[in-house]
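*Asks:* What shape does this take:
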Amino acid sequence: MPLAAYCQAYSAWRTAVEALQEMGRRDPATRGLIVKAASGGAVQNPVWLAAKQAANAMVRTAEQFGLSPAARARIAAGVYHDPAIGKFDGLLA
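*Replies:* Residues are numbered from 1 along each chain as shown. Predicted coordinates for the structure are as follows:
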């Protein structure tokens, strides 16, 4: 499930970024970050918010896989050692 969630967030982020790039080509002044609202005023582009939310979801999900330095620091791994020899070890070998 976490991998599917990461992939879905990446897809949403990528789609939003590509849309922003296309809007930026058509509007070099604001690069697509500001759009005209229905009321006629200027507002932040909702596509930018979608990209930001998807990026945040990617970061949160990536931490579950240890993909950030902080997440890797929290991974606990024990030192490998041979188990104690039991009285039946070697019986079947």
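
*Asks:* which parts of stretch 86-93 are buried?
*Replies:* The neighbour-count check on stretch 86-93 (16 or more other CB atoms under 10 Å) flags nothing as buried. (C-beta placed from N, C-alpha, C; glycine too.)

*Asks:* ok now that stretch, how far from the chain's centre?
*Replies:* 49 Å (CA atoms, centre = their mean, to the nearest Å).

*Asks:* In space, what's closest to the spatially most central residue of the chain - neighbours in sequence excluded?
*Replies:* Central residue of the chain (CA atoms, centre = their mean): Met58, 1.4 Å from the mean position. Spatial nearest neighbour of Met58, chain neighbours left out: Ala9 (4.5 Å); criterion: CB to CB, 6 or more residues apart in numbering.

*Asks:* State the distance from the one you found to Lys52.
*Replies:* 12 Å (CB to CB, to the nearest Å).

*Asks:* cool, Lys36 as well?
*Replies:* In terms of CB to CB, Lys36 sits 20 Å off from Lys52.

*Asks:* More neighbours: the two, which one.
*Replies:* For Lys36 versus Lys52, neighbours defined as other CB atoms under 10 Å are more numerous around Lys52 (13 against 9).

*Asks:* The more buried one falls within a strand, correct?
*Replies:* No - counting by DSSP: H, G, I helix; E, B strand; the rest coil, one finds Lys52 to be helix, located in no strand.

*Asks:* Verify the assumption that Val35 is located in a strand.
*Replies:* Yes - residue state for Val35 (three-state DSSP) corresponds to a strand.

*Asks:* I'd guessed it sits against Asn45; true?
*Replies:* Yes - counting by CB atoms under 8 Å, Asn45 is a contact partner of Val35 at 4.8 Å.

*Asks:* Find residues that contact each of the two.
*Replies:* Residues touching both Val35 and Asn45 comprise Met23, with contact defined as CB atoms under 8 Å, 6 or more residues apart in numbering.

*Asks:* quick one: which of the two has more around it?
*Replies:* Asn45 (21 against 15).

*Asks:* With Gly90 as the reference, measure out to that one.
*Replies:* Distance from Asn45 to Gly90, by CB to CB: 71 Å.
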